[in-house]
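In: Would you be able to build a 3D model of this:
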Amino acid sequence: MSTLTLVVLIISIALLFDFINGFHDAANSIATVVATRVLSPLQAVAWAAFFNFVAAFTFGTAVADTVGKGFVDLRIVTPYVILAGVIGAIIWDLITWWLGLPTSSSHALIGGYAGATMARAAFLYGFGGSFRGLILGKWPNTLAFIVLSPMIGLILAYTLMILVYWLFQKSTPAKMDQYFRKLQLVSAAAFSFAHGSNDAQKTMGIIAAVLYSAGYLATVHVPVWVIFSAHAAIGMGTLSGGWRIVRTMGGRITKLKPRGGFCAETAAALSILFPTFLGLPVSTTHAIAGSIAGVGAFHRVKAVRWGLATNIVWAWVLTIPTAALIACCAYLVIRYLVPGA
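Out: Below is the predicted model:
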């Protein structure tokens, strides 16, 4: 297989990952607005897809730069390594989608990328040198936000609920919902925008790394055509929907009303845009799940189904190592088929 053919194949698979990311994380963008019946499922996915794509025109590529060169040693990376990493992320995403678990596509991609790189480092330096494939880079901050992102979302959502009830203390619940059914259109758009601004950049970083490792780029940077391709793929994926996870996010963690949906989406959007500004890949899934839990906890702690939340947290913990293991196995298969890959 020629280098050009391999690069085209990997870019195609990376964009497929973006598409899968879109329908896997579509639930994050639309679960609350569907659960509160502000929009129908079809209207909601179209709304989310539009604002996912609009994000392409706003934020830079700092997150893409982090994903491309902030986690692994690029001297070890080859196009085959990236291929194995993306395969690992896609397989884990499909497994969790089938189980209806809202896990992080972002961390699956990072885990897959790291696992495949470590596998090649083991071939180069021996099993004990597998960790030489990783660099400290952005790992500490990224791992910290696995915990911080849902906590920020939870605290912001809880605080917003207090503020909403204080401002509308003289209004009846029916009157409040009348206002917030309209405001939730804004908050859903904000969350979808935040989702596109962070998640699409991860695939951009992977594609930039492929082009660099194959010698088509002198430095790791994101060409304009990559930006539009990634956002288009994630937008189309969102448009296809992800109904299994919508059910979990929209109704099984806690019951939502328009005012709660507004607070959850707004809190999640803010907790995503902040790390995006810092150039950190963050999980939109973690942010919205924490925000929904914060809304539920405002009413009463028992309103949150903490047993389900615990299962989701375990899935979060397992995402990076499991995606890394799958990617490592994928690289071993590729190495067997293509010696020296």
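
In: Do I have it right that residue 6 meets residue 81?
Out: No. In this structure residue 6 lies outside contact range of residue 81 using CB atoms under 8 Å: 11.6 Å. (Each C-beta comes from the backbone N, C-alpha and C, glycine too.)

In: Between those two, which has more neighbouring residues?
Out: Relative neighbour count places residue 81 above the other of residue 6 and residue 81, with 30 against 19, counting by other CB atoms under 10 Å.

In: now the residue lying closest to that one once chain neighbours are set aside, what's its secondary structure?
Out: Nearest non-adjacent residue to residue 81, counting by CB to CB, 6 or more residues apart in numbering: residue 116, 4.7 Å away. Following DSSP: H, G, I helix; E, B strand; the rest coil, residue 116 is assigned to helix.

In: Could you check how far the closest residue to residue 236 other than its chain neighbours is from residue 233?
Out: In space, and not counting its chain neighbours, residue 236 is closest to residue 19: 6.0 Å by CB to CB, 6+ apart. From residue 19 across to residue 233, the span is 5 Å (CB to CB, to the nearest Å).

In: and the residue nearest to residue 236, what is it in contact with?
Out: 233, 234, 236, 237, 240 (CB atoms under 8 Å, 6 or more residues apart in numbering).

In: cutoff 6 Å now
Out: Counting by CB atoms under 6 Å, 6 or more residues apart in numbering, residue 19 touches 233, 236, 237.

In: If I look at the last one, what pLDDT would I see?
Out: So the one you mean is residue 237. Listed pLDDT for residue 237 reads 79.

In: which strands and helices sit next to the longest helix along the chain?
Out: In the chain, with assignment by DSSP state H, the single longest helix is helix 173-213. Helix 173-213 is packed against helix 3-35, helix 41-54, helix 62-69, helix 79-99, helix 224-240, helix 258-278, with contacts defined by 3 or more CB pairs under 6 Å, 6 or more residues apart in numbering; DSSP states H and E.

In: So for the last one, mean pLDDT?
Out: Average pLDDT, helix 258-278: 88.

In: Off-centre distance for it?
Out: Taking CA atoms, centre = their mean, to the nearest Å, one finds helix 258-278 lying 14 Å from the centre of the chain it belongs to.

In: Does residue 269 touch residue 191 like I think?
Out: Yes. Between residue 269 and residue 191 there is a contact under CB atoms under 6 Å: 4.5 Å.

In: pLDDT below threshold where in the stretch 201-341 of the chain?
Out: Residue ranges of the stretch 201-341 of the chain with pLDDT under 70: 241-256, 300-315.

In: what's the helix or strand that contains residue 290 packed up against?
Out: For residue 290, the host element (DSSP states H and E) is helix 284-299. The elements that helix 284-299 packs onto, with contact taken as 3+ CB pairs under 6 Å, 6+ apart, are helix 3-35, helix 139-167, helix 258-278.

In: May I have stretch 280-290 exported as PDB, CA atoms only?
Out: Extracted C-alpha coordinates of stretch 280-290, given in PDB (Å, rounded to 0.1, in the frame of the first residue of the first chain):
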ATOM      1  CA  LEU A 280      -7.600  21.200  26.400                       C
ATOM      2  CA  PRO A 281      -9.700  18.300  25.100                       C
ATOM      3  CA  VAL A 282     -12.600  17.700  27.500                       C
ATOM      4  CA  SER A 283     -15.500  15.300  27.500                       C
ATOM      5  CA  THR A 284     -18.800  16.900  26.600                       C
ATOM      6  CA  THR A 285     -20.400  13.700  28.000                       C
ATOM      7  CA  HIS A 286     -18.800  14.300  31.400                       C
ATOM      8  CA  ALA A 287     -19.900  17.900  31.400                       C
ATOM      9  CA  ILE A 288     -23.600  17.300  30.600                       C
ATOM     10  CA  ALA A 289     -23.900  14.300  32.800                       C
ATOM     11  CA  GLY A 290     -22.600  16.300  35.800                       C
END
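
In: pretty sure residue 316 is in a helix, no?
Out: Yes. Inclusion of residue 316 in a helix is indicated when three-state DSSP is applied.

In: Can you give me the distance of it to residue 69?
Out: Separation of residue 316 from residue 69 (CB to CB) stands at 25 Å.

In: One more: residue 229?
Out: 20 Å.

In: same thing with residue 317?
Out: Residue 317 is 26 Å from residue 69, by CB to CB.

In: burial measure for the residue nearest to residue 214 when sequence neighbours are not counted, as a count.
Out: The shortest distance from residue 214 to any non-neighbouring residue, by CB to CB, 6+ apart, is to residue 7 (4.9 Å). Per other CB under 10 Å, the neighbour tally for residue 7 reads 20.

In: State the pLDDT value of residue 7.
Out: 94.

In: Give me the distance from stretch 100-109 to the chain's centre.
Out: 6 Å.

In: same thing with stretch 66-77?
Out: 19 Å.

In: how long is it end to end?
Out: Terminal residues of stretch 66-77 lie 15 Å apart, using CA to CA, to the nearest Å.

In: Check which residues of it are buried.
Out: For stretch 66-77, burial by neighbour count (16 or more other CB atoms under 10 Å) applies to 66, 67, 68, 69, 70, 71, 72, 76, 77.

In: and the residues you listed, which two are the farthest apart?
Out: Largest separation among the buried residues of stretch 66-77 by CB to CB: 66 and 76, giving 17.7 Å.
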